[in-house]
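[1] output the structure for:
(one chain, ligands or ions: 2)
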Amino acid sequence: MIHSDWHIHSEYSYDAMLPLETLIARGRELGLRRFGVTDHANYNDEKFLGDLRASAENVKRAQADCPELILGVELTPIARPEFDYIAKTGTREGYVAPIQDTPYDIELAATKEELISLGVRYAIGAAHWRVDVADRANADNSLDNLIKEWYRQQMWLACDERVTILGHPWYNGRAVWYEDFSVIPHSMNMDIAAALKENGKYVECNVCMVCAGKASEKFHHQYAEFLRELFEMGIPITYGSDCHGKPTGEYRDRRGAAEKILAAAGFRDGDISELPEEILW
Ligand SMILES: [Zn+2]
Ligand SMILES: [Zn+2]
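    Residues are numbered from 1 along each chain as shown. Ligands and ions are numbered 1, 2, ... in the order given. You can find the predicted model right below:
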């Protein structure tokens, strides 16, 4: 059912350690048709943009012998005032979030033109943390507030021109709703789905959400059913291992486990999409 992987971190992500040579050798052994390298570009500072440039050069070198390899990027919403501060000073250091009553506007680390000039051919846009408040650790992190903020970020990503794939919808590192996916209002999912469809976006089936990570078995099945509902509305679904190569520097193939959960929700061979040439930048 799954023939390509569109979400892989190489050793050029700050939190990953997968060498490209290892990925290529293993990807070929597994018969993957395409593997997309999507290193993190979280902020518009030299640390992240430098990592992205290094990742791009590394992928370009490897592509000479491996046309299956595609250069992508993973972008995460950040607060617009922080983006502006970094744009002015070049660093995140010394940033003080302005006091305001409304959530901060959202921005991503680079423009589409900048990404294309590096050779990036698609972007995963994915929410990772709250950006609506100044101090997210000490904010009111009630379930309602968290859901509201994830909804806001995902709606924004579904409408942004840089986002090819909405990455791991409803992922949150804090595992707040990983027992029961039905705490997410269905109407929110339908709003997001409508925006995705209208803007021609793909949605990711991320391995952490359907068979690995912190979620319960019940959640995995509910999540696969959520993906199936989007699929039946005409939104194409891509697969992402989100492999970081930790802790051994290896590429872990978890497609078998993911396929089992997806099959239980009605997915069949041919239902999981690849990014066609006309979609790639
Ligand atoms: Zn992510
Ligand atoms: Zn990732």
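[2] only C-alpha atoms from now on, for both contacts and neighbour counts.
    OK.
[3] pretty sure His220 sits against Cys211.
    Yes: the criterion here is C-alpha atoms under 8 Å, and His220 meets it with Cys211 at 6.1 Å.
[4] joint contacts of the two?
    Counting by C-alpha atoms under 8 Å, 6 or more residues apart in numbering, the common neighbours of His220 and Cys211 are Ile261.
[5] low-confidence regions, the chain specifically.
    Nowhere does the chain drop to pLDDT under 70.
[6] show me the strands in it, by range?
    Assigned by DSSP state E, the strands in the chain fall at 4-8, 34-41, 69-75, 78-79, 106-107, 122-125, 165-166, 202-206, 237-240.
[7] how far out from the middle of the chain is the third one?
    Computed by C-alpha atoms, centre = their mean, to the nearest Å, the separation of strand 69-75 from the middle of its chain amounts to 10 Å.
[8] that strand: partners in the sheet, and parallel or antiparallel?
    Its sheet considered, strand 69-75 pairs with strand 34-41 (parallel), strand 122-125 (parallel) by DSSP bridges.
[9] dump the shortest one to CSV, restricted to CA.
    Going back to what we said before, that points to strand 122-125. What follows is strand 122-125, C-alpha atoms only, in CSV (Å, rounded to 0.1, in the frame of the first residue of the first chain):
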residue,chain,number,x,y,z
TYR,A,122,8.0,20.7,-1.7
ALA,A,123,7.2,21.6,1.9
ILE,A,124,5.6,19.9,4.8
GLY,A,125,3.9,22.4,7.0
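[10] so what touches it?
    Contacts of strand 122-125 (C-alpha under 8 Å, 6+ apart): 7, 38, 71-77, 157, 162-167, 280-281.
[11] so how many other residues sit close to Val96?
    The tally of other residues near Val96 (other C-alpha atoms under 10 Å) stands at 11.
[12] backbone phi and psi for the residue of the chain most remote from its centre, please?
    Computed with C-alpha atoms, centre = their mean, the residue of the chain farthest from its C-alpha average is Ile99, at 29.2 Å. Main-chain torsions, Ile99, degrees, to the nearest 10: phi -80, psi 130.
[13] so which of the strands paired with strand 69-75 gets nearest Thr248?
    strand 34-41 (18.0 Å; C-alpha to C-alpha).
[14] got the angle between that closest one and strand 4-8?
    10 degrees (axes from the mean of the first three to the mean of the last three C-alpha atoms, to 10 degrees).
[15] only C-alpha atoms, please: export strand 34-41 in PDB.
    Only the C-alpha atoms of strand 34-41 are listed here, as PDB (Å, rounded to 0.1, in the frame of the first residue of the first chain):
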ATOM      1  CA  ARG A  34      10.700   7.900  -3.800                       C
ATOM      2  CA  PHE A  35      12.200   9.200  -0.600                       C
ATOM      3  CA  GLY A  36      11.700  12.800   0.400                       C
ATOM      4  CA  VAL A  37      14.300  14.400   2.700                       C
ATOM      5  CA  THR A  38      12.600  17.100   4.800                       C
ATOM      6  CA  ASP A  39      15.000  18.600   7.300                       C
ATOM      7  CA  HIS A  40      13.700  21.200   9.800                       C
ATOM      8  CA  ALA A  41      13.700  24.900   9.000                       C
END
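[16] how far is that strand from where the chain is centred?
    Taking the mean of its C-alpha atoms, strand 34-41 sits 10 Å from the chain's own mean (C-alpha atoms, centre = their mean).
[17] please enumerate residues in contact with that strand?
    With contacts defined as C-alpha under 8 Å, 6+ apart, strand 34-41 is touched by 3-10, 12-14, 27, 48-49, 51-52, 55, 59, 68-76, 109, 123-124.
[18] now a PyMOL select for only the buried ones of those.
    In PyMOL, this line selects whichever of these come out buried by 16 or more other C-alpha atoms under 10 Å:
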select buried, resi 3+4+5+6+7+8+9+10+12+13+27+48+49+51+52+55+59+68+69+70+71+72+73+74+75+76+109+123+124
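[19] quick check: buried residues in stretch 180-187?
    180-181, 184.
[20] closest one of those to Glu21?
    Closest to Glu21 out of these is Phe181 (37.5 Å), distances taken as C-alpha to C-alpha.
[21] would you confirm that the closest one contacts Tyr223?
    Yes: under the criterion of C-alpha under 8 Å, Phe181 makes contact with Tyr223 at 6.7 Å.
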